[in-house]
Structures are given as structure tokens and as C-alpha cells.
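Chemist: Pasted the sequence and its predicted model underneath.
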Amino acid sequence: MPTSDNAGNGNGLAKIQQLGDNEEGRPTVKAQTIDELHSLQKKKSAPSTPKGSLPTSASVFTEEERNKQQLESISASLASLTRESGPKVVKGDPAARKYEASRVEHVPHQILTPTIAVSDSALKFTHVLYNLSPAELYEQAIKYEKGSFITSTGALATLSGAKTGRCPRDKRVVKDEVTENELWWGKGSPNIEMDEHSFMVNRERAVDYLNSLDKVFVNDQFLNWDPENKIKVRIVSARAYHSLFMHNMCIRPTTEELENFGTPDFTIYNAGQFPCNRYTHYMTSSTSIDLSLARKEMVILGTQYAGEMKKGLFSVMHYLMPKRKILSLHSGCNMGKGGDVALFFGLSGTGKTTLSTDHNRYLIGDDEHCWSESGVSNIEGGCYAKCIDLSRENEPDIWNAIKFGTVLENVVFDEHFREVDYTDKSVTENTRAAYPIDYIPNVKLPCVGPHPKNVILLACDAFGVLPPVSKLSLSQTMYHFISGYTALVAGTEEGIKEPQATFSACFGAAFIMLHPTKYAAMLAEKMQNHGATGWLVNTGWSGGSYGCGSRIKLSYTRKIIDAIHSGSLLDVEYKKTEIFGLEIPTEVEGVPSEILEPENTWSDKQAYKETLLKLAGLFKNNFETFTYGENNQVTKEILAAGPIIHDA
């Protein structure tokens, strides 16, 4: 066996002696030192992307020149505007420098001369861990981030800290002369204003924090699978967990695309471990998520919940895409084997994930999409699935996607075997899994498709008065799209059985930037131009409200969705309901005809009419939010498609 001589080789490491060959006559070890042995262990590679992406042409630059350009670009991102220079950027893991000294020249600290008004962070090295692979990020998380563990299936379990969900009341958007007129402000709007000065205070606080660290993680990635309209994003963060999350959720570049990445279109500075200054103007807590559309930047302070990055970028897309006459949508999307595409809208509990995941159809995406002149495209490169009460039987695709590379947020697991208990809500009920979209077996790559044929609005109506399926006119589609209705069972307190109506404009009110009627008008125009049909599908109660009636069987809902996909629902007779004026089919294959008209299933007809009027009143009250401002002309057109309540 090999032995070592006693003489050093100049760096304090013993030389490896090769005393014999193996059975095939080759040397057993191709290294003379431990350093060389480690260098042999690591084969040089580049970041990868799911199959089907479109690489760009190879760069003519040398590797050294490309590295220099990347580092200069990242250094510029990490430079605060009030400083004379940014950090001295060195690419690579500082802990591994002794094994990788040949990759990047390590300039001695003493040659850096401090200058007036330069941040102290410029006097030290900030190591940039650039587009690391999942394996490298696992190592970083487990070694340096408390609460990071490998579960029994190979996923990385981690903690998001004190915040286990989004903080919509702490999200701010810079209001300037442009956004003042373009964005939706005021009553009902998710956009809470801040001024540019306050944004810059928070930006400097975040950048200085990141520059004070020994290392930061940088992801250069894409949004939108449409090659003509993809957006380049850079995410600068302090945690391996955040870097792996965004690696999964954004579209992963090829080597060639990274070489030609250039300047990002949008940059996130995630300094979530560090709080904002509560005495800064517009701040109401130690948490702040700030967007500057003019600067094309987002700053995160005081929350480590990774979903803020995902949804922050979604808000940006809701602003950028309509400027290109592209509709951004909070929806699921799948495609049949014949090329027919369907969009699924629905709030939590309506069955959007379940119904858009169909083994007989290809998944284009589960949450965020764009509809352009060339068709539909997924914005993301991954899925962010809820995990509470997850089971192999009910959600096999999500269950099987939780493997190596997947991030599990705030789950509870067995201490010894590391088996996750998805029913345990000890940390939070909002447990999540983030994984690349190609972990789903029937995904369509690249995630693009032709123009949608069907637009399906899902509502879990716990009042039990909406039909299981209705065909909508264009104006009705706009009305119900803007309303974004569902009604869920009230809290778990004993004796409370009254359903609670929930409305979320465009089925994603927290993320829209423009007035809801603008998105609705774009939706109607695209549906009209491309011959799409709108549908309202109730996945909730029948035969009475919650507590009296029963929930519509999932098997019936699936038959309805199948009939929509096949086109057979376009060839049956329809009748119009009172109050809401909905067109309901007289028959659907595999579904009992008597449940298609809600009144038939109620034994107490008077109670049905009272409940129907109550729901109609809730719709009308909610819609009052949208009947002011510059969109009055569109709003009047849509109002006529809402429920009509005749005075007694």
C-alpha cells in the first residue's frame, strides 16, 4: 500500500509515494500531494439547465476574460452608490481556498489602500459563490446554516426563521412621477408607497450588510421560458438556502447563456437576516420588502422567508410584461396531447393544483404564466408546493419530487431516520417544497405552449349556490376574473358553520401592479382573438351550504374538466340561472344531471334563494372597490355581467 516519506514538499504536505501498480498495470494514484489528490477529486463542470432550453452561441472570450467580466459585473452590483468603490470580489468558497488556489489569484490584503469615503467592507475580500450547484449549496447549508439537514429522501430541510410566510403589509413600492400614474394605488390595492430616499436608505443598509460578510451567494438566472421575452435576474443573498431555492424556482442558464449573461434586467438584494431601521420613513416594523421599478431592484430586510423573492419577481413581471402587451397570469397551465392548452385560476383550497396536474396531459406550469402573441409560457423553472398533510396517495407527483435538490421549508422530521412528518404543524402550517419543474414526470420542456383554448376559473363555494360548471361570456369572464372569488369554511371554533367569502382580484391580488381591469381587458382581448372559452367551475358544496350540503365529488369535477378539454361541453344545451345569469349545461357525461342546477339539490328552496341573494350581495359589495378611477368605461361594461338583484 502507498506510504509517505518524511520530507515535505514545500507546503507542509507529505508527498505520496506510489510503490506499486494495480491489477491492470496502471498507477493506483495519479497525484503527488494531498492538494493534487483533492484537485483530481473535483472534475471541472458548469451549471446546467433542464432539457429543452435553447443555448445561445458560444462566446469568443477566453475563460479568464469571461470570469473577469462576471466578477466586475457582480462587484458593480455589490457596490453602494455612496461609496467610491465596491468590494474586492473573489470567486469561490473561502473555506476551500487552500485546495483551489490555482483558480483565482488571491491578492494580498496589504496592497489594498483605503481611500476617503470608502466603506470598511472595501478593505476585505467578499467571496462570491456564483451559481453553485445543488450539491455545493447542500454543503454550504449543512456546514454553516443552523437548522439545515438532509432528509431520508435526500431533500434539504431548512428553516426560514421567525417569518414562515409572506409579509404583504411590509411590502413597499417606490412611488415616483412614472409609477404614480401607471400603478394601482389606494383602496384595495396591494401597492403601499414609499419614496426613493427611503428605498436608498434600505438599499444601502442591505448592501453594506452583504458586503460585511465573508461570502455571498449570487445567482444569475432567467424568468419566462419564451425566448423572445425572457428576463435576466440576479439574486444576491447571504444564505445557501436562498440560493438553492432560487436555483430551483428560476430558469437555470446553460453554460453559453451564462457566458453571455451581461447586465441583469433586475437585481434582488436579500439581506433578510438583517432588520430595516424601524425609524426610517414609511417603515412600520423591522421587516421591509422594497421594490424600485426605476432602479430595477428589490431589497429584502428582516425576513428570511424565501417566498418573498419568488413573489417579488412575480410582481415585477406583472409590471414589465403588460408593457410588452403580454398578459401575466397567476394560474396553472397544462396541455393535451393534441396541443389544446387550458389555464386554471383558483385561490387556496379550490383544487387548482390537483386539477391542473393530469397524467393524461402535459404540465406547462403550476403557478405563474405569460400569454403573448406567440402563445403561453411558464415564468418559472420550478414549483413551490404546499406540503401540509402531503401524502403519496393524493399527490404522488409532489411526493416523488421531494428528493435530492429539493428545498423543504419548516417541516418536522424524525430525529434519527430523518423521515418527514407532513402532518406536523409545529413550526408552521405553511410548510413548502421547492423543486425544479423537471422533477415532475409529465412536464413539457421547454415550458411553452400554443394559445389557450379554455380559461377555467375555480371556486370552492361553501355557500353551495354556484353551479358545478357554467359557460361564461367574455364580460362574465372578466367580472369573475376580477372578483377572484372562493368561499371557505370558517375557523375551527366550535359552533361556527357560516362560510367566509374571499375575494382576490385576478386570483392574485397581492402581486398585481396595475388596476385589475387592465389585466381583465387584456385577458378578454386574447380570449376573443384566439377563440378561448371561459368557464366557472365550483369545486365546493351542493345541496346546501357547509354543514347541510355535501362537497361535490372530485370524480364529478374531473369529468367536468375532461368534458371542457375534449370540447364536448360546447355541443350541449344550456339554460340560464337567475341572479348571476350563468349558462349551465343540461348534461355532462358521467355527472348526475340533477346536480348541474344547484336549486334542484336543495330541499329548502327558500333557504337556497336567501343564500343566493346573500352571495350576490357579497359580490356586489366587493366589486365597489373597482368602480372608481380612470377605468370607469371598462368597469361599466363588466358590471353588467355581475349578479342582478331586483329590489323587492
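Modeler: Yep, it's here. Numbering: from 1, shown residues only.

Chemist: what residue ranges in the stretch 201-350 of the chain are flagged as low confidence?
Modeler: Counting by pLDDT under 70, the stretch 201-350 of the chain contains no low-confidence range.

Chemist: for the longest helix seen in the chain, what is the average pLDDT?
Modeler: Counting by DSSP state H, the longest helix found in the chain is helix 605-623. Across helix 605-623, pLDDT averages out at 96.

Chemist: same check, this time on stretch 354-363
Modeler: 91.

Chemist: Please compute how far it lies from its chain's middle.
Modeler: Distance of stretch 354-363 from the chain centroid (CA atoms, centre = their mean, to the nearest Å) equals 19 Å.

Chemist: With only the CA atoms kept, save it in PDB.
Modeler: Taking C-alpha atoms only, stretch 354-363 is exported to PDB below (Å, rounded to 0.1, in the frame of the first residue of the first chain):
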ATOM      1  CA  THR A 354     -55.000  18.900  -8.300                       C
ATOM      2  CA  LEU A 355     -57.000  19.600 -11.400                       C
ATOM      3  CA  SER A 356     -54.100  21.200 -13.400                       C
ATOM      4  CA  THR A 357     -52.000  18.100 -12.600                       C
ATOM      5  CA  ASP A 358     -53.300  15.500 -15.000                       C
ATOM      6  CA  HIS A 359     -51.400  12.400 -16.100                       C
ATOM      7  CA  ASN A 360     -53.100  12.500 -19.400                       C
ATOM      8  CA  ARG A 361     -51.900  16.000 -20.100                       C
ATOM      9  CA  TYR A 362     -48.500  17.800 -20.100                       C
ATOM     10  CA  LEU A 363     -47.800  20.200 -17.300                       C
END
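
Chemist: So what touches it?
Modeler: 332-337, 342, 344, 366, 395, 397, 437, 440, 442-444, 449, 456, 458, 539, 554, 557-558, 561, 565 (CB atoms under 8 Å, 6 or more residues apart in numbering). Quick note: C-beta positions are derived from backbone N, CA and C, even for glycine.

Chemist: can you give me the strands in the stretch 151-300 of the chain?
Modeler: 156-158, 171-174, 193-194, 215-223, 231-237, 266-271, 288-292, 297-301 (DSSP state E, counting those that start in this stretch).

Chemist: what do you get for the stretch 351-500 of the chain?
Modeler: 362-365, 368-372, 375-378, 382-386, 407-409, 412-413, 420-421, 432-436, 448-449, 452-459, 469-472, 485-488, 500-503.

Chemist: List the neighbouring strands of the fourth one plus their orientation.
Modeler: Yep, that's strand 382-386 we're talking about. Strand 382-386 pairs in its sheet with strand 432-436 (antiparallel), by DSSP bridges.

Chemist: quick one: buried residues of the partner strand?
Modeler: 432-436 (16 or more other CB atoms under 10 Å).

Chemist: repeat for stretch 521-528
Modeler: 521-524, 526-527.

Chemist: so of those residues, which ones are in helices?
Modeler: Per DSSP H, these map to helices at 521-524, 526-527.

Chemist: Make a markdown table out of those and add pLDDT and distance to residue 183.
Modeler: What follows is these, written out as a markdown table (pLDDT from 0 to 100; distance: CB to CB, whole Å):
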| residue | pLDDT | distance to residue 183 |
| --- | --- | --- |
| 521 | 94 | 16 |
| 522 | 97 | 16 |
| 523 | 98 | 19 |
| 524 | 96 | 21 |
| 526 | 98 | 22 |
| 527 | 98 | 25 |
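
Chemist: circling back to that earlier point, spatially, which pair of the buried residues of stretch 521-528 is furthest apart? Let me know, please.
Modeler: Greatest spatial distance among the buried residues of stretch 521-528 (CB to CB): 521 and 527, at 10.8 Å.

Chemist: Wait, residue 473 touches residue 641, no?
Modeler: Yes. Using CB atoms under 8 Å, residue 473 is in contact with residue 641, at 6.6 Å.

Chemist: As a check, name the ranges of all helices in the stretch 451-600 of the chain.
Modeler: 474-483, 516-530, 554-566, 598-601 (DSSP state H, counting those that start in this stretch).

Chemist: which residues touch residue 365?
Modeler: Contacts of residue 365 by CB under 8 Å, 6+ apart are 332-333, 378-380, 437, 447.

Chemist: what's across from it in the sheet?
Modeler: Bridge pairing for residue 365 - DSSP bridges - gives residue 333.
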